[in-house]
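>>> this one's sequence-less:
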């Protein structure tokens, strides 16, 4: 059962991510059938104002001793750094050893990594920090595509609002769907979101690292609706097929087929966001030809179906 919840703050804490934990666990909703939580906001130096990442200050009234018997310890995002307060890391290690649940929001996963608690463990973090996290904690089993990862007593979430998904998931796991739904309704958020964080990432299109193929690449982007074959592209580049294929991979890091497929997905994303075209028309305009092919490639690259993506990101009225 979740009864005592301790949230650990440190310098440069992100207020929204801290607020997520406070919103889910720190508000008395017993009038709505939600069990009461003993919510403690803690720091290594309680009572001392700490800078936040948004030009303000917060004060944690409790010290790290509150972590010793907490059922759940929340670690909100904080500015990335090479080292974290060893007093906090030690407290987290002791908590994990006795079986407490540890929940991170966004870059809070770096704190658990620094404590050595993510070696061999499945986890995630904000998509912008994936490479940095890989470099710093190569033994962690990082999943860059999901909104959160539940690995038993360690739950890590992706960027910012994904902390809501992770926290509600934990409530659902420990206290049941009815309680999670009541909290979500009060927060005016869905109890559970579909898809992962891939849908929020701008898909990078491999660009040419040299000048020899740039004109061909530009022409391909301008002509996504026609079929692109290696023989035809090689003739346009005035190269043999073998030389063209080898140079294309060398300069873009991928094959012509994968490159143009990614470009078509990007075109489809733009049309889904900025137009009211039907899926069949978008499939034609982006070069996929059929809605079935569009759905297949779009979900593989972006992580959600085109219709779901449009509901989330469409900007037209």
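It's in. These numbers come from a predicted model, not from an experiment.
>>> What strand or helix carries residue 270?
Element membership for residue 270 (DSSP states H and E) is helix 256-274.
>>> What are the buried residues along that helix?
Using 16 or more other Cβ atoms under 10 Å as the test for burial, helix 256-274 gives 256, 259-269, 271-272. Where C-beta positions appear, they are placed from N, C-alpha and C, glycine not excepted.
>>> Same question for stretch 116-134.
Counting neighbours by 16+ other Cβ under 10 Å, one finds that the buried residues in stretch 116-134 are 117, 118, 121, 122, 123, 124, 125, 126, 127, 129, 130, 133.
>>> May I have the secondary structure class of the last one?
Taken by DSSP: H, G, I helix; E, B strand; the rest coil, the conformation at residue 133 corresponds to helix.
>>> show me the contacts for the nearest residue to it once chain neighbours are set aside.
Of all residues not flanking residue 133 in the chain, residue 125 sits nearest, at 5.3 Å (Cβ to Cβ, 6 or more residues apart in numbering). Residues near residue 125 by Cβ atoms under 8 Å, 6 or more residues apart in numbering: 104, 106, 107, 109, 110, 133, 142, 156, 158, 159.
>>> Are we agreed that residue 125 is in a strand?
No - counting by three-state DSSP, residue 125 falls outside a strand, being coil.
>>> Tell me which other helices or strands the helix holding residue 270 touches.
Where contact means 3 or more Cβ pairs under 8 Å, 6 or more residues apart in numbering; DSSP states H and E, helix 256-274 is packed against helix 214-222, helix 241-252, helix 279-286, helix 291-302, helix 306-313.
>>> Count residues in the vicinity of residue 48, would you?
Other residues near residue 48 come to 10 when the count uses other Cβ atoms under 10 Å.
>>> and it, that one's in a strand?
No - Residue 48 is assigned coil when assessed by three-state DSSP, not a strand.
>>> Contact partners for the residue nearest in space to the middle of the chain?
In the chain, the centroid-proximal residue (Cα atoms, centre = their mean) is residue 158; its distance is 3.5 Å. Shown in contact with residue 158 (Cβ under 8 Å, 6+ apart): 106, 124, 125, 126, 127, 146, 147, 148, 196, 197.
>>> Tell me where the model's unsure across the protein.
Applying pLDDT under 70 to the chain picks out residues 190-211, 315-317.
>>> can you give me the strands in the protein?
Ranges of strands in the chain, per DSSP state E, are 4-8, 38-42, 50-51, 57-58, 72-75, 101-104, 122-123, 141-142, 148-151, 154-157.
>>> Skip the chain neighbours and tell me the closest residue to residue 115.
residue 89 (4.2 Å).
>>> cool, and residue 261?
residue 297 (5.7 Å).
>>> got the contact list for the one you found?
Residue 297 makes contact with 261, 264, 265, 288 under the criterion Cβ under 8 Å, 6+ apart.
>>> any idea how far residue 82 lies from residue 298?
In this view, residue 82 and residue 298 are 39 Å apart by Cβ to Cβ, to the nearest Å.
>>> can you check residue 243 too?
Taken as Cβ to Cβ, the span from residue 243 to residue 298 is 32 Å.
>>> Comparing those two, which residue is more hemmed in?
residue 298 (28 against 12).
>>> who are the neighbours in contact with the nearest residue in space to that one that is not next to it in sequence?
In space, not counting the residues next to it along the chain, residue 298 is nearest to residue 306; the distance is 5.0 Å by Cβ to Cβ, 6+ apart. Residue 306 is in contact with 268, 272, 279, 282, 294, 295, 298, 299, counting by Cβ under 8 Å, 6+ apart.
>>> Ok, residue 20 next?
76, 105, 161, 163, 164, 167.
>>> Quick check: the last one touching residue 76?
Right, residue 167. No - contact between residue 167 and residue 76 fails when scored by Cβ atoms under 8 Å: they sit 10.8 Å apart.
>>> Pull up the overlap in contacts between those two.
Common contacts of residue 167 and residue 76, defined by Cβ under 8 Å, 6+ apart, comprise 20, 21, 105.
>>> Would you mind confirming that the last one makes contact with residue 15?
No - using Cβ under 8 Å, residue 105 and residue 15 do not qualify as a contacting pair, with a distance of 11.4 Å.
>>> Between those two, tell me which one has more neighbours.
Neighbours of residue 105 and residue 15, each counted by other Cβ under 10 Å, are more numerous for residue 105; the result is 34 against 16.
>>> what's the neighbour count on the spatially closest residue to that one that is not a sequence neighbour?
Nearest residue to residue 105, sequence neighbours excluded (Cβ to Cβ, 6+ apart): residue 163, at 3.4 Å. By the criterion of other Cβ under 10 Å, residue 163 has 32 neighbours.
>>> residues touching residue 163, list them.
Residue 163 is in contact with 17, 20, 21, 76, 105, 106, 157, counting by Cβ under 8 Å, 6+ apart.
>>> what's the distance between it and residue 64?
22 Å.
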